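Asker: Need a 3D model of the following:
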Amino acid sequence: MQLDAKVPEGPVEEKWDNHRFNLKLVNPNNKRRFSILVVGTGLAGASAAASLGELGYDVTVLTYHDSPRRAHSIAAQGGINAAKNYRNDGDSIYRLFHDTVKGGDYRSREANVYRLAQVSNAIIDQATAQGVPFAREYGGLLDNRSFGGAQVSRTFYARGQTGQQLLLGAYQAMMRQVHAGTVSLHNRIEVLDVVIHDGRARGVIARDLLTGEILRYSAHAVVLATGGYSNAFFLSTNAKMCNATAIWRAHRKGALMANPCFTQIHPTCLPQSDETQSKLTLMSESLRNDGRVWVPQSHDEDRHPDDIPESERDYYLERMYPAFGNLVPRDIASRAAKRMIDENRGVGPLKNGVYLDFADAIARLGTDRVAERYGNLFDIYQRITGEDPYKVPMRIYPAPHYTMGGLWVDYNLETTIPSLYAIGEANFSDHGANRLGASALMQGLADGYFVLPYTIGDGLAPRLGEQPLPTDHEAFEEAAAQVRGRIEGLLAVNGSRTVDWFHRQLGRILWDHCGMSRNQPGLEKAITEIKALREEFYTDVNVTGQNEDYNQALEKAGRVQDFFELGELMCRDALYREESCGGHFREEHQTDDGEALRDDDRFAHVAAWGWNGHGEEPSLTVEPLQFEHVTIATRSYK
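Answerer: Presented below is the predicted three-dimensional model:
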């Protein structure tokens, strides 16, 4: 397969404006003749549905939640980036573009990243107009703070609830269109397959989670806004319902999966407390603005942190990366924390954490000021751990959080299947090998509010007068039969082990061999173990209940079934990419001081994988990455 990214010609500053002018348009009166399916109601999905409905398209929205407001975007805490330069500290659209490409370790498409930076300011204007309560300075202007990988303050925030407030803004915009009749919203519906006919996406097959009914939805275009796949690791910061089923079923139908090994381990999470834990909790990266990360200098230290004098503490990020200190990018901070644990300098009951200390900030700013900035985050920490972070340092450790990999999309956000689009975390396009903090919300809203509403019309305009494929067409019949067959097969196994047992085992394999650190023997071992575990799953999983009920065991079984295949591809991609870049750290490829060592001659490209059937080797197609505006260099935050 030949990949055409459809990147427009011309200077990077003019690409998006020129492209918008050259896109085919749909007459306002003709938009209602086109139906669009949007799957997912997080920031990307809700903003896309609201915008497309406002334009006049006939939009159907599907979510497996009981309310769109439960989408995982609500869990984002720290903030959203934009190049407003309100602090007059040297920020600009170009600097945001440069920081994002550099932060992704030069493994992203320049044109997409510049467009992201270009529309970032409009997102803040849009959200403020919606009433999103961004933090403000004393004089009333919007406040900013710093995040990792930047030396300017460009992050807008609403205490530690930025994702929630932005989602409420997108939700209210979408519900306005529901009330206007341009958007039809369906809750508790999980998409289980994409319908393809004549090489084009025609709709989806879904399951009603309450009744088990298999449903069919037809449309001129399908938009997947279903998030990432960090739950493949079992333990992650993602909500338990987050899954990869929609994008993986699309992959099985022909959509290429790009850079699946590019997964982000967030450095600021609560350490695992025991072997039976099923969820990890994020502590916002914004805490690293004022919190100082440290470990004891001595090994196996058992003293209370208050009893360890300054002279016996190692503020290792400040020591190793003096220019950025505690605000180095996430991949670097995570690996540094792992190094401290590996040196037996961990803290806490299981010695699996490092300290995040606010004593200096409280002494400098006062408790009230620190509480204004981080109070709800401190409350969350205290409720979970029983420790007061105003009095003792937080304990943190890295955890799976975000996935930079996803479905391959071109400049128009269209996958390799015509009329199938992927937006937000479901695609691969903007973050390369490592996402900078506060950029996920930016990408989701950029795609939904300001990119897809333009580009989707280019694909629809030539199809004016074409009717959606009838849901009794043989393509729908075949896809529905495949979905029923998978469900019946899972229910028929009647084995001895729970779905969660298999998921936990898979997660442990991925974390041990395809987590923060990878190597060839470990990845080869992981592939072998995943294959064996998957075969055991098909012969010994116990899925209780029946399809016609509200059956969470069945829901999870289908998702874990996909995680097995996706997990294997993650390991294959990591094995293929014989370099270290961003969140992908191959132990064989590192500098003398333990930093990532890229191989730009061999791997300055996107690795897009195709599905060739169960048990068959995936096919690889590469998209070369051209860097004309950012000079490729070894990342340095020292």
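Asker: List the buried residues for stretch 484-492?
Answerer: Residues of stretch 484-492 classed as buried by neighbour count (16 or more other C-beta atoms under 10 Å): Arg486, Ile487, Leu490, Leu491. (Each C-beta comes from the backbone N, C-alpha and C, glycine too.)
Asker: Over to stretch 131-148?
Answerer: Buried residues in stretch 131-148 (16+ other C-beta under 10 Å): Val132, Phe134, Ala135, Asp143, Asn144, Arg145, Ser146, Phe147, Gly148.
Asker: With stretch 461-476 instead?
Answerer: Applying 16+ other C-beta under 10 Å to stretch 461-476 flags Pro468, Leu469, Thr471, His473, Ala475, Phe476 as buried.
Asker: which of those sit farthest apart?
Answerer: Pro468 and Ala475 (11.7 Å; C-beta to C-beta).
Asker: and the buried residues of stretch 131-148 as TSV, adding pLDDT and secondary structure?
Answerer: Output for these, formatted as TSV (pLDDT from 0 to 100; DSSP: H, G, I helix; E, B strand; the rest coil):
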residue	pLDDT	secondary structure
Val132	97	coil
Phe134	97	coil
Ala135	94	coil
Asp143	95	coil
Asn144	95	coil
Arg145	93	strand
Ser146	91	coil
Phe147	90	coil
Gly148	89	coil
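Asker: Let me know the next secondary structure element after the longest helix seen in the chain.
Answerer: Using DSSP state H, we find that the single longest helix of the chain is helix 552-576. Under the assignment DSSP states H and E, the closest C-terminal helix or strand after helix 552-576 is helix 600-603.
Asker: hmm, who's touching the next helix or strand after that following helix?
Answerer: Using DSSP H and E, the helix or strand that follows helix 600-603 in sequence is strand 605-610. Here strand 605-610 makes contact (C-beta atoms under 8 Å, 6 or more residues apart in numbering) with 1, 3, 107, 109, 254, 256-260, 408, 416, 428, 569, 572-573, 576-577, 618-625.
Asker: Same question for stretch 102-110.
Answerer: 5, 7, 12, 100-101, 113, 148-149, 259, 262, 329, 331, 404, 411, 429-436, 581-582, 596, 598, 600, 604, 606, 623, 625-630, 632-633, 635.
Asker: right, and the pair among the buried residues of stretch 484-492 with maximum separation?
Answerer: Arg486 and Leu491 (9.9 Å).
Asker: helix/strand/coil for Gly10?
Answerer: What DSSP: H, G, I helix; E, B strand; the rest coil gives for Gly10 is coil.
Asker: Please identify the helix or strand for the residue nearest to it when sequence neighbours are not counted.
Answerer: Leaving out its chain neighbours, the residue that sits closest to Gly10 by C-beta to C-beta, 6 or more residues apart in numbering is Asn18, at 5.6 Å. Using DSSP H and E, Asn18 maps to helix 12-22.
Asker: so for that helix, what's the average pLDDT?
Answerer: Averaging pLDDT along helix 12-22 gives 97.
Asker: Report the contact partners of the nearest residue to Asp143 once chain neighbours are set aside.
Answerer: Nearest residue to Asp143, sequence neighbours excluded (C-beta to C-beta, 6+ apart): Ala135, at 4.3 Å. Ala135 sits next to Leu142, Asp143, Phe156, Tyr157, Ala158, Arg159 when contact means C-beta under 8 Å, 6+ apart.
Asker: next one: Gly149
Answerer: Asp99, Lys102, Gly103, Phe324, Leu327, Val328, Pro329, Arg330, Leu436, Gly437, Tyr637.
Asker: Between those residues, which sits nearest Pro521?
Answerer: Closest to Pro521, out of all of the contacts of Gly149 and judged by C-beta to C-beta, is Arg330, at 26.4 Å.
Asker: So the closest one is in contact with Pro267, correct?
Answerer: Yes. Arg330 is within contact range of Pro267, at 5.6 Å (criterion: C-beta atoms under 8 Å).
Asker: The two: which has the busier surroundings?
Answerer: Taking neighbours as other C-beta atoms under 10 Å, Arg330 and Pro267 compare with Pro267 leading, 32 against 27.
Asker: with the buried residues of stretch 131-148 in mind, which one is nearest to Val222?
Answerer: Using C-beta to C-beta, the buried residues of stretch 131-148 come closest to Val222 at Val132, 28.7 Å.
Asker: Need the residues touching each of Arg330 and Pro267.
Answerer: Glu285.
Asker: C-alpha coordinates for stretch 628-638, PDB please?
Answerer: This file holds the C-alpha atoms of stretch 628-638, laid out as PDB (Å, rounded to 0.1, in the frame of the first residue of the first chain):
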ATOM      1  CA  GLU A 628      12.000  21.300   6.600                       C
ATOM      2  CA  HIS A 629      11.300  23.700   9.400                       C
ATOM      3  CA  VAL A 630      12.600  22.100  12.500                       C
ATOM      4  CA  THR A 631      16.200  21.000  12.500                       C
ATOM      5  CA  ILE A 632      16.600  17.400  13.700                       C
ATOM      6  CA  ALA A 633      18.900  17.300  16.700                       C
ATOM      7  CA  THR A 634      19.500  15.200  19.800                       C
ATOM      8  CA  ARG A 635      17.000  16.200  22.400                       C
ATOM      9  CA  SER A 636      18.600  18.000  25.300                       C
ATOM     10  CA  TYR A 637      16.900  19.400  28.400                       C
ATOM     11  CA  LYS A 638      20.100  19.900  30.300                       C
END
